[in-house]
Structures are given as structure tokens and as C-alpha cells.
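Peer 1: fold the stuff below for me.
(2 chains)
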2 protein chains.
Amino acid sequence: MPIDPNALITITAYDWVPDAGRGLVRDIRVRWALEEVGQNYAVRLLSIGQQKEPAHRARQPFGQLPTFEEGEHTLFESGAIVWHIAERFPGLMPDNPRERAKALEWVFAALNTVELPVVEYVATTLYDASEVWFEPRILAIERRVDERLQEVSDRLGDSEWYGKDFTAGDLMMVAILRPLKGFGLLETFPKLVDYVERGTARPAFRQALSDHMANFTGSPPLAETAG
Amino acid sequence: MPIDPNALITITAYDWVPDAGRGLVRDIRVRWALEEVGQNYAVRLLSIGQQKEPAHRARQPFGQLPTFEEGEHTLFESGAIVWHIAERFPGLMPDNPRERAKALEWVFAALNTVELPVVEYVATTLYDASEVWFEPRILAIERRVDERLQEVSDRLGDSEWYGKDFTAGDLMMVAILRPLKGFGLLETFPKLVDYVERGTARPAFRQALSDHMANFTGSPPLAETAG
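Peer 2: This next block holds a predicted model:
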């Protein structure tokens, strides 16, 4: 779907983030969902820092991205936005109640059970390597991530998706496992590597990623350039 | 609502946990939701350890509590279960689409944005006080929790609930803020103290808590008594 400044739906995204964050800012999840259900959207670009200003806080109480606006209504939290899109437009939520429940539980499992240790692992690895407590912490976190990956790999088994078809639950699981790529841990679970590969090979994801990357047209904030 | 062994809905709960965990195990969220919508339920009690055995893993891939069974259908993740209950029975989800969206975003905000630092804070305070990295870690986590509490307090303002009426979103926010009581941080936000007080004063919560506590009829596992 083309990005359309006159679309009824508007999301927020950054005009610049450091290289390590490109492809990972959470607007990618919402773009992906909108692509899957075939909806045009407009993008309101924010510079780093603007997300904490009152205008954006009115949209998002935590001063974060993404948000979803349709008419006068604003929605925040990527999980809530993706679930709302899945309810509103066909394509991400099966009609069958049992399959629909599976989509629901995997959206929550992704955001509450899997993402917590994954974010801790990635952030600690990237930012805390010089801290005195790095070694004991990273080993403890690695064990937790490894346990979670084993569990989600076991439940997936040889299936293509967690339910019969690709749903909002898979979208969120793939989005949350993606940042682990290249650190080595995910790579010990071939079924999960294939799962992430399958998800990110979808045309909707590729379009979303391409549009996400194309929005980084801004400059770093002053503090970054001064360093 | 009475707990009824012949009810159509069955949840899982522990028959014993250490004192510090009593009142906080996540089945409380599901019991509370069922009380709010006036549904009877049966309880399948597990001893510590059983949650990791194959019979329970079949219900819950992470070997955790709670689960929700109705007929042949099992649902896991407390967020998914509470949202499912809110969709299925009247009482926790407003009809108005805007109010319904608010309930949805606060369920996700509670579980993905607020719970993460809260759990880290409580767990680090209780279990890691003797670690070499305790001091620098706890200060960093405290700053994050404080920031989140300021944000949720600001958004709540002088309102009773996050929407017009009490919803699944408030249920989850109150459930997630409750464990902070007594550590001192929550107490610096009087509006949140009152909010948690309002939520836990509801008859449905009081009944859920009382039934949750009454199920601790088991004994500690061998490793606990041997220590």
C-alpha cells in the first residue's frame, strides 16, 4: 500500500534514529499490520526529543512511538494498535473462535513473556558491556532467553505459524524475535530462525521495512553531533 | 461468585507458594475478572513443580500460571485471558468504541510498558540485595519505575479510572501496580495509591483475593522444607 498523506489513518515515526535502531523502532509493527490488511496510512514524523513534548504526550502518555490516529481517535501501545487493526480489517484475525483465541494469546505472550528477556538481553549486550556487573547479569539473562526460546520453539514444532494461518500473533512474535538475529542465541533454534525468515519474507513486511527505512531523512539531534 | 467444581470454566492456581507470593500469583487477575463479570469457575490446583510437567505444558507452553479452560479450549497469558473474559461476558468492556479502545490500550500498557520495570524493581529488591551489581542496578531501575509512575499518574489525573468506567484496562493496571505497595516508590504518587485502593476495594477483587488465599492448602516442596 502506498503511504498517502491524505489517508484516514496516521501513524507516528522518527525522522532519524542511530543505525542500530533502524529497522527495529516499533512503528514497523504497525506498518506491517497495515500492509497485511491493505490499508493506506499517513506518517507524522517526529525528531528525537519531540516524543517527550506535550503535543506527543497528549497522544502517548509515555512519550513513545508508535501511535495510531483515525479521525479524532488516538490509540497507543503497539500491541493494542495491532490488535485493533486486526479487529477492524480482515487479514490478521481468523473468524474461527479457537484460532482467534490463539492469535490473542500469542500477541500477549510475545509482549509480556518473550519480549521482556529479549529486550534485556539485547540492551545489556549493547550498552552495559563495560559495567562491573556485566558478566553475572548477562549469563543470567542468557539463561532466561534460552529457556523462552526453547519453549516457543517446542510449541511451534514443525508448524508454519502458531495457528493455522498467519495472524496478529505471528506478526508480534516475529517482530519480537527479529532483534535477536545475529547475537548467536536465536541461531541455536533452527525452527525459530526459519519462522522469523518466513515472517520477514512476507511482501507486507518487506514493504513496511522499506517504508520505515525511507523515513529516516532527518539529522541527529544536537547532542549526538556534538559528541 | 462461588467457586464451583462443576463450572464450565476452569482456571489453574498453586496449592502453596511462599508467603511473599501470596496475593500476587497471576491467577488473581483471572479470578478478579471472572468475579467482575459474575461467572462461576472451578480451580485446578497445582503443586510447585507441576507447572513445568508435560500435562501443564500442554496447556501453557511456558509452564506458568494461570490458564483458562472452557470445554476443550485452553487459553494462556493472563492478559489474553482477561481480554477474552471481557469480550465474552458483559462488565469489563464498554460498548462505546472509543472507551473500548481505551480499555485495550491500558491492558497492553500495563503488561508491556509498566509491568516490565515494576517486576524488575520488586525482584531485584527482594532477591539481589547481596549481588555486587545491586546498587548501580537498583538506582537505574528506580529511575525507570519512577518515570513510569509519574506518567501513569499524570494521565490518570483526577479521574477515577482511565476511561469513563472501570474496565479490563483498570483491572490490569491495578493488578500490576499492587505489588509496589510498601516499597516506598508508589507512595510518592498519592493519586496512584488512591487508584490502587479504589480498585482493590471492589467487592469482586476482595472475593477473588479471599478465594486465592483460601487455595493455599498444600505443603512446600521438599527442597523448601529441607533448606
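
Peer 1: what does chain A have sitting close to chain B?
Peer 2: Residues of chain A lying near chain B by CB under 8 Å from any CB of the partner chain: A:61-64, A:73, A:75-80, A:83-84, A:97-98, A:101, A:104-105, A:107-109, A:111-113, A:115-116, A:119, A:131-133, A:136-137, A:148, A:151-152, A:154-155. Yep, even glycine has a C-beta here, placed from its N, CA and C like the rest.

Peer 1: quick one: buried ones out of those residues?
Peer 2: Among the residues of chain A next to chain B, those buried by neighbour count (16 or more other CB atoms under 10 Å in any protein chain shown) are A:61-64, A:75-80, A:83-84, A:101, A:104-105, A:107-109, A:111-113, A:115-116, A:133, A:137, A:148, A:151-152, A:155.

Peer 1: helices of chain A, start to end?
Peer 2: Shown for chain A, the helices assigned by DSSP state H span residues A:27-36, A:54-57, A:78-88, A:97-108, A:115-127, A:134-156, A:168-177, A:190-200, A:203-214, A:222-226.

Peer 1: wait, isn't residue A:99 in contact with residue A:162?
Peer 2: No: if you go by CB atoms under 8 Å, residue A:99 and residue A:162 don't touch, sitting 9.7 Å apart.

Peer 1: with neighbour numbers in mind, choose between those two.
Peer 2: Using other CB atoms under 10 Å in any protein chain shown as the criterion, residue A:99 and residue A:162 rank with residue A:162 on top: 24 against 17.

Peer 1: that one against residue A:106, yeah?
Peer 2: Yes: with contact defined as CB under 8 Å, residue A:162 reaches residue A:106; the gap is 4.9 Å.

Peer 1: helix or strand with the lowest mean pLDDT in chain A?
Peer 2: One helix or strand of chain A scores below all others by mean pLDDT, DSSP states H and E: helix A:222-226, with a mean of 59.

Peer 1: find the closest residue to chain B in chain A.
Peer 2: In chain A, no residue comes nearer to chain B than residue A:133, which is 2.5 Å away by CB to the nearest CB.

Peer 1: please state the backbone phi and psi of the nearest residue to that residue once chain neighbours are set aside?
Peer 2: Using CB to CB, 6 or more residues apart in numbering or on different chains and skipping the chain neighbours, the partner closest in space to residue A:133 is residue B:133 (2.5 Å). Residue B:133 has phi and psi values of phi -90, psi 10 when expressed as degrees, to the nearest 10.

Peer 1: correct me if wrong: residue B:133 contacts residue A:135.
Peer 2: No: the criterion here is CB under 8 Å, and residue B:133 misses it with residue A:135 at 9.5 Å.

Peer 1: buried residues, stretch A:207-223. List them.
Peer 2: For stretch A:207-223, the buried set under the neighbour-count rule, 16+ other CB under 10 Å, comprises A:207, A:208, A:209, A:211, A:212, A:215, A:216.

Peer 1: what residues are up against residue A:137?
Peer 2: By CB atoms under 8 Å, 6 or more residues apart in numbering or on different chains, the residues touching residue A:137 are A:124, A:128, A:131, B:133, B:137.

Peer 1: same check, this time on residue A:213
Peer 2: Counting by CB under 8 Å, 6+ apart, residue A:213 has contacts A:22, A:23.

Peer 1: go ahead and confirm residue A:93 touches residue A:166.
Peer 2: No: taking contacts as CB under 8 Å, residue A:93 lies outside contact range of residue A:166: 10.7 Å.

Peer 1: any low-confidence regions in chain A?
Peer 2: Scanning chain A for pLDDT under 70 picks out A:1, A:223-227.

Peer 1: switch to 50 and redo it
Peer 2: Chain A contains residues with pLDDT under 50 at A:226-227.

Peer 1: quick check: most distant residue from the centroid of it.
Peer 2: Within chain A, the residue lying farthest from the chain centre (CA atoms, centre = their mean) is residue A:132, at 30.9 Å.

Peer 1: wait, it touches residue B:132, no?
Peer 2: Yes: with contact defined as CB under 8 Å, residue A:132 reaches residue B:132; the gap is 6.5 Å.

Peer 1: just to revisit the earlier point, can you put the contacts of residue A:137 in JSON lines and add distance to residue A:188?
Peer 2: Below are those laid out as JSON lines (distance: CB to CB, whole Å):
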{"residue": "A:124", "distance to residue A:188": "19"}
{"residue": "A:128", "distance to residue A:188": "22"}
{"residue": "A:131", "distance to residue A:188": "25"}
{"residue": "B:133", "distance to residue A:188": "26"}
{"residue": "B:137", "distance to residue A:188": "27"}
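
Peer 1: can you tell me which of those is nearest residue A:34?
Peer 2: Set against residue A:34, the nearest of the contacts of residue A:137 by CB to CB is residue A:124 (32.1 Å).

Peer 1: any idea how far that closest one lies from residue A:193?
Peer 2: In this view, residue A:124 and residue A:193 are 22 Å apart by CB to CB, to the nearest Å.

Peer 1: repeat that for residue A:5.
Peer 2: 38 Å.

Peer 1: the more surrounded of those two?
Peer 2: Using other CB under 10 Å as the criterion, residue A:5 and residue A:193 rank with residue A:193 on top: 16 against 10.

Peer 1: any idea what the nearest residue to residue A:101 once chain neighbours are set aside is bridged to?
Peer 2: Nearest non-adjacent residue to residue A:101, counting by CB to CB, 6+ apart: residue B:75, 5.4 Å away. Counting by DSSP bridges, residue B:75 is bridged to residue B:68.

Peer 1: surely residue B:75 is in contact with residue B:84?
Peer 2: Yes: at 5.7 Å, residue B:75 counts as touching residue B:84 under the criterion of CB under 8 Å.

Peer 1: which neighbours do the two have in common?
Peer 2: Residues touching both residue B:75 and residue B:84 by CB under 8 Å, 6+ apart: A:101, A:104, B:68.
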